[in-house]
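>>> here's my sequence, what's the structure:
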Amino acid sequence: MSQVQLRFYEELNDFLSPAHRKVAFLHDLTRRTSVKDMIESFGVPHTEVDIILVNGNSVDFSYIVEDGDHISVYPVFESLDVTPLLRLRPAPLRTPAFILDTNLGRLARYLRLLGFDCLYQNDFDDDTVAMTADREQRIVLTRDRALLQRKIITRGYFVREVRPRLQVKEVLSRFDLYRLVDPFSRCTRCNGDLQAVDKQSVEDRLEPRTRKYYKTFRICTMCGQIYWQGSHHERSQRLIEELTRNDTED
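Predicted structure coming up:
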């Protein structure tokens, strides 16, 4: 029977059974298959993979696996210079735009608070997420492994953490986003951009106490939601400080 030797590196091991983690192992070939399909048969979404070496040579997802191949599979690199090797997608998006599945609503709200472009609706189905990600070149954030295995999705990430505040830290670290944080620049409700607005133009929409005590306002260019630095602003600022504290630098 035909066999190949496989080794998955770094965080790709999160998806593997304990017996296959951080070791080289043999895998039987029962049919003609692409390296993409073989990798995903182990539960590793192709969106998590950036480099595949077969017998020391870089290949893409379409490579047809052959008997005796030694295959090394590497995750997306954000800081290590791997330009001499064939990457499976263009260079990482440095001004990323995301789309999140229905299980990550709180994460979407927090990322918007930090200024990141995050499409989210609680009625998005998997087809909508996949097609929108492809059409708008968005990175899919999800906890659904099967969604990331769709061929149409080329950029995506499986969020490991369960608690939303830890999910934010995970995403910021994973995509090296700390320097791109721009708080209070995006609507947390609809994802629209916020722009400064004259008080006079929104005065008729303000509550009496807000009209009396506050002078500076922003408005969402999409949904018209009005924002100002009220009592909630201090709480939001503390939350932002918590979310953006890079614990790895302590």
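>>> so what's the residue nearest the centre of the chain bridging to?
Nearest to the geometric centre of the chain sits residue 141, at 4.2 Å (Cα atoms, centre = their mean). Beta-bridge partners recorded for residue 141 (DSSP bridges): residue 100, residue 157.
>>> tell me the pLDDT at it?
We have a pLDDT of 97 for residue 141.
>>> that one contacts residue 99, doesn't it?
Yes. The criterion here is Cβ atoms under 8 Å, and residue 141 meets it with residue 99 at 7.4 Å. C-beta here means a position set from N, CA and C on the backbone, and glycine is covered the same way.
>>> could you pull out the helices for the chain?
Along the chain, counting by DSSP state H, helices occupy 35-40, 105-113, 126-136, 145-148, 164-174, 199-202, 208-213, 231-244.
>>> adding distance to residue 190 and mean pLDDT, write those out as CSV.
Formatted as CSV, the helices of the chain follow (distance: least, Cβ to Cβ, whole Å; pLDDT from 0 to 100):
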stretch, distance to residue 190, mean pLDDT
helix 35-40, 34, 96
helix 105-113, 9, 97
helix 126-136, 15, 96
helix 145-148, 23, 94
helix 164-174, 19, 95
helix 199-202, 17, 92
helix 208-213, 21, 88
helix 231-244, 17, 89
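>>> what about residue 239, how many residues nearby?
Residue crowding around residue 239 was assessed by other Cβ atoms under 10 Å; the count is 16.
>>> before we move on, what about residue 136?
Neighbour count for residue 136, taken as other Cβ under 10 Å: 11.
>>> ok, now residue 97?
Using other Cβ under 10 Å, the number of residues around residue 97 comes to 16.
>>> got it, and residue 117?
Residue 117 has 18 nearby residues by other Cβ under 10 Å.
>>> need the pLDDT of residue 123.
94.
>>> and the pLDDT at the nearest residue to residue 108 once chain neighbours are set aside?
Among residues not flanking residue 108 along the chain, residue 120 sits closest, at 3.6 Å (Cβ to Cβ, 6 or more residues apart in numbering). Looking at residue 120, its pLDDT reads 97.
>>> wait, residue 120 sits on residue 105?
Yes. Using Cβ under 8 Å, residue 120 is in contact with residue 105, at 6.1 Å.
>>> quick one: which of the two has more around it?
The neighbour comparison of residue 120 against residue 105 (other Cβ under 10 Å) goes to residue 120, with 22 against 14.
>>> in the protein, which spans are strands?
With strands called from DSSP state E, the chain shows them at 3-8, 25-28, 49-54, 57-59, 70-75, 97-100, 117-119, 139-142, 156-158, 194-197, 217-220, 226-228.
>>> among those strands, which comes closest to residue 14?
Closest to residue 14 of the strands of the chain, according to Cβ to Cβ: strand 156-158, at 7.8 Å.
>>> can you tell me what sits against stretch 155-169?
Defining contact as Cβ atoms under 8 Å, 6 or more residues apart in numbering, one finds that stretch 155-169 is touched by 14-15, 45, 47-48, 89, 93, 104, 106-107, 110-111, 114, 133, 137-143, 145, 147-148, 170-171, 174-175, 242-243, 247.
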